[in-house]
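Trainee: 3D, please:
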Amino acid sequence: MPENHAALAAVVKINGPEKMDIRIDGRTDSDPIHKGGYDPNRKLSTTRATEIIKLLIPKFALASRHLSGSGYAEHYPTASNDTAEGRPMSRRVDTG
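Mentor: As a prediction, the model looks like this:
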C-alpha cells in the first residue's frame, strides 16, 4: 500500500494533524471470502480500516483520538458488484 501514502500525506497536510478528525471506511466487493480467516466480508472491511489507522498514527503522528474506523463490507459499492470489472473497484478504503 505504499502507493497510497502520498494520498494520505496530502489529506494530513491539508487538514493539519492537530485539528483533524478522520473516519476510515473499509469496503469489500460482494464475493464471499473463503480463505484467510475473513468470514464474513465485514471483518475484512473493518480490518482494512484498522490497518490504515495503524499506519496513520506513527507515520503522520496523528493522535488516535482523532481517528475512527468502520467496515461496510459490500455495501455502497463504487461500481457494480455484479461484474468482474466492477468488483475490484469496490475493494477500497475511503476517508471522511
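Trainee: pull the helix or strand with minimum mean pLDDT from this structure.
Mentor: Scoring the helices and strands of the chain by mean pLDDT, DSSP states H and E places helix 5-15 at the bottom, with a mean of 76.
Trainee: Not counting its own residues, what contacts that helix?
Mentor: By C-beta atoms under 8 Å, 6 or more residues apart in numbering, the surrounding residues in contact with helix 5-15 are M20, I22, I52, L55, L56, K59, F60, L62, T95. Where you see a C-beta, it was placed from the backbone N, CA and C, and this is true even at glycine.
Trainee: Now do the same contact list for the fifth one.
Mentor: What that stands for is L56. Going by C-beta under 8 Å, 6+ apart, L56 touches L8, V12, I22, I24, L62, L67.
Trainee: Can you pick out the most distant pair from the residues you listed?
Mentor: Farthest apart among these by C-beta to C-beta are V12 and I24. That separation is 12.7 Å.
Trainee: These two: which is more packed in?
Mentor: Set V12 next to I24 and count neighbours by other C-beta atoms under 10 Å: I24 wins out with 23 against 16.
Trainee: got the buried residues for the helix or strand where the more buried one lies?
Mentor: If you go by DSSP states H and E, I24 is part of strand 22-26. Neighbour counts over strand 22-26 (16 or more other C-beta atoms under 10 Å) mark I22, I24, D25, G26 as buried.
Trainee: now the angle from the next helix or strand after it to helix 5-15?
Mentor: As assigned by DSSP H and E, the chain's next helix or strand after strand 22-26 is helix 41-60. Orientation of helix 41-60 against helix 5-15 (axes from the mean of the first three to the mean of the last three C-alpha atoms, to 10 degrees) gives an angle of 70 degrees.
Trainee: Report the distance from the next helix or strand after helix 41-60 to the chain centre.
Mentor: Where DSSP H and E defines the elements, the next helix or strand beyond helix 41-60 is strand 67-71. Relative to its chain's centre, strand 67-71 lies at 8 Å (C-alpha atoms, centre = their mean, to the nearest Å).
Trainee: Next SSE downstream of strand 67-71?
Mentor: Strand 67-71 is succeeded, C-terminally, by helix 87-90 (DSSP H and E).
Trainee: neighbouring strands for the helix or strand just after that following helix, and are they parallel or not?
Mentor: Next in sequence after helix 87-90, counting helices and strands by DSSP H and E, comes strand 93-95. Within its sheet, strand 93-95 is paired with strand 22-26 (antiparallel), according to DSSP bridges.
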